[in-house]
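Peer 1: Sequence isn't available, so here's the structure alone:
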């Protein structure tokens, strides 16, 4: 318990920054009109591929016995891949709406 409290005390500024970033992100996202939300999110999810590259680099540079780094890298690759695939699926569905219907 003491180690946990000292961790929070040492990183208090980063914890405040994280909380502020979360609140700011919620405020910004809530101001986006519904018409623009889908294109913005599909683009952001496609850009999420950068996280995949970073997670793969971290996993390649990790020692084989460093299970924490490998586990976090694996979870980052998994979530990043889901986000990228979801972004492209949403974009594909969105583009299908603009195609002319065949008679």
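Peer 2: Thanks, I have it. Quick caveat: nothing in here was measured; it's all calculated off a predicted structure. Numbering: from 1, shown residues only.

Peer 1: What segments of this structure are strands?
Peer 2: Taking DSSP state E to define them, one finds no strands in the chain.

Peer 1: least trustworthy helix or strand in it by mean pLDDT?
Peer 2: The helix or strand of the chain with the poorest confidence is helix 34-47; it has a mean of 73 (mean pLDDT, DSSP states H and E).

Peer 1: Now for the residue lying closest to residue 51 once chain neighbours are set aside: which residues touch it?
Peer 2: Leaving aside its chain neighbours, residue 51 sits nearest to residue 80 (4.3 Å; criterion: CB to CB, 6 or more residues apart in numbering). Where you see a C-beta, it was placed from the backbone N, CA and C, and this is true even at glycine. For residue 80, the contact set (CB atoms under 8 Å, 6 or more residues apart in numbering) comprises 48-49, 51-52, 55.

Peer 1: just the buried members of those?
Peer 2: 48, 51-52, 55 (16 or more other CB atoms under 10 Å).

Peer 1: Just the closest of these to residue 92, please.
Peer 2: Among the buried ones among the contacts of residue 80, residue 48 lies closest to residue 92 (CB to CB), at 16.1 Å.

Peer 1: so how far is residue 28 from that closest one?
Peer 2: Residue 48 sits 17 Å away from residue 28, going by CB to CB, to the nearest Å.

Peer 1: Which one of the contacts of residue 80 is nearest to residue 94?
Peer 2: Closest approach to residue 94 among the contacts of residue 80 (CB to CB): residue 48, at 16.9 Å.
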